[in-house]
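Enquirer: What follows is a predicted structure for the sequence shown.
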Amino acid sequence: MPGMAMRNWSSRKPLRAAPFFLPSRSMTGRLSRFRPMRKTSSTGFSAPLRRSRPPHAIMMGRRAVRVAKPRAAHHIPPMRFSAFLPCLCLAVLPAFGAQAASSGWHHVEGGSIRVVTSGRPDAAGHLRGALEIRLKPGWKTYWLDPGASGVPPTFAAAVGAKEAAVEIGFPAPRRFDDGYAPWAGYDHPVSLALTLALPDGAAAPARLQASVFLGVCETICIPVQATLSFDPGAGTDDPEHAAVVEGAFAALPEPARPGFSARVVEVVDGAVVVEAALPEGARALDLFVAGTQTLALGAPERAADGSRTLFRVPLSTHLPARAAGEELAYTLVTDAGAVSGRLKLP
């Protein structure tokens, strides 16, 4: 497929919708700034917990705990992680729509999400769709690898007890700095392109369940976990759904090609050095590189070297020997457009 279409967050096992979410050690820092949620009788955790409390404090049980005061309205204050905080703060809500090729909307404080599909599965059982994320003004969400202060979107789907393989395509992101750490994502409504490979015997499923997990941020961050249900065989010719899906795929970066791509030059001094090949007259604006399950990366930095366009990508962890030959997804953004591809480590 065009652009960057990747399995969810490298080889990580997709998250399942559940009343509680226990993060891995690598994600605890990313969840440390999420706010607790109020539990309602009908929908589970559905809204941010609001109590009278001192400014710049969060409620931990019945006690107010002060956290760092942000330096500006758009800054997100870091907080010390509590082992049970994610269990209190997930916005978990099944969104069961009508029998249609899109799910119902799942609403949270910062916006709404739904799954949309269009057309019927092809001969190989592949179905095109989109995860539509409508953000309210001032809110943001994350890219494939948001950096140290975010959570990448994950998407898992199943037809009955059979899992459907899913690839997510991401538009070119922007880089943000909340005063805590730089991160990559989007500050506007965005649709992520989905390619679902339906399991054998499920070419025309009656209903499909999707488990979605992502984060949305303003001056606070809210993790969103939802179960979205829809029928890919219903309303396959809906023009609204077709426009959403086509728009998601049209927004993807083009595949890297000779003369417009990136490659690893060397790994030296705790960083991966990447050289960008650009079309004549084009100017590189940014490079986004996704880490893996075993390799964490910092934000790329421009490196001056005569006429060459070089980026230095810091390694947040020591490069393990087993990382040799591993491939890293990247998106190269220029004033002439964006391309995506894979960087192979030496």
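Expert: Received the coordinates, thanks.

Enquirer: show me where pLDDT drops low in the chain?
Expert: The chain contains residues with pLDDT under 70 at 1-100, 201-206, 235-236, 319-323.

Enquirer: Residue ranges of each domain in it, please.
Expert: 5-250, 255-344 (automatic domain parsing).

Enquirer: Can you measure across the last one, start residue to end residue?
Expert: By that I understand domain 255-344. Domain 255-344 has an end-to-end distance of 16 Å (criterion: C-alpha to C-alpha, to the nearest Å).

Enquirer: Can I get the lengthiest helix in the chain in PDB, CA atoms only?
Expert: The longest helix of the chain (DSSP state H) is helix 239-250. This file holds the C-alpha atoms of helix 239-250, laid out as PDB (Å, rounded to 0.1, in the frame of the first residue of the first chain):
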ATOM      1  CA  PRO A 239     -20.200   8.200  -0.100                       C
ATOM      2  CA  GLU A 240     -19.300   9.700   3.200                       C
ATOM      3  CA  HIS A 241     -17.500   6.500   4.300                       C
ATOM      4  CA  ALA A 242     -15.700   6.300   0.900                       C
ATOM      5  CA  ALA A 243     -14.600  10.000   1.300                       C
ATOM      6  CA  VAL A 244     -13.100   9.400   4.700                       C
ATOM      7  CA  VAL A 245     -11.200   6.200   3.700                       C
ATOM      8  CA  GLU A 246      -9.900   7.800   0.500                       C
ATOM      9  CA  GLY A 247      -8.800  10.900   2.300                       C
ATOM     10  CA  ALA A 248      -6.900   8.800   4.900                       C
ATOM     11  CA  PHE A 249      -5.000   6.900   2.200                       C
ATOM     12  CA  ALA A 250      -4.400  10.100   0.100                       C
END
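
Enquirer: Which parts of the stretch 151-300 of the chain are strands?
Expert: 154-159, 162-169, 174-177, 182-186, 190-197, 208-217, 221-230, 254-255, 261-268, 271-277, 284-289 (DSSP state E, counting those that start in this stretch).

Enquirer: partners of the helix or strand residue 340 falls within, with directions?
Expert: Per DSSP states H and E, residue 340 falls inside strand 337-344. Strand pairing for strand 337-344, using DSSP bridges, gives strand 254-255 (parallel), strand 327-334 (antiparallel).

Enquirer: Looking at those strands, which is nearest to residue 111?
Expert: strand 327-334 (23.1 Å; C-beta to C-beta). No exception for glycine: its C-beta is placed from N, CA and C like everyone else's.

Enquirer: Could you check the angle that closest one makes with strand 182-186?
Expert: 70 degrees (axes from the mean of the first three to the mean of the last three C-alpha atoms, to 10 degrees).

Enquirer: Give me the contacts around strand 327-334.
Expert: Here strand 327-334 makes contact (C-beta atoms under 8 Å, 6 or more residues apart in numbering) with 4, 6, 144-145, 170, 172-173, 253, 256, 260-262, 272, 274, 276, 278-279, 282-292, 295, 297, 338-345.

Enquirer: Filter these down to the buried ones.
Expert: 4, 6, 144-145, 170, 172-173, 253, 256, 260-262, 272, 274, 276, 278, 282, 284, 286-292, 295, 297, 338-343 (16 or more other C-beta atoms under 10 Å).

Enquirer: Including distance to residue 198 and mean neighbour count, could the strands paired with strand 337-344 go into TSV?
Expert: Below are the strands paired with strand 337-344 laid out as TSV (distance: least, C-beta to C-beta, whole Å; neighbours: other C-beta atoms under 10 Å):
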stretch	distance to residue 198	mean neighbour count
strand 254-255	24	14
strand 327-334	24	22
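
Enquirer: contacting residues for the closest residue to residue 171 other than its chain neighbours?
Expert: Spatial nearest neighbour of residue 171, chain neighbours left out: residue 251 (4.3 Å); criterion: C-beta to C-beta, 6 or more residues apart in numbering. Residue 251 is in contact with 3, 171, 190-191, 193, counting by C-beta under 8 Å, 6+ apart.
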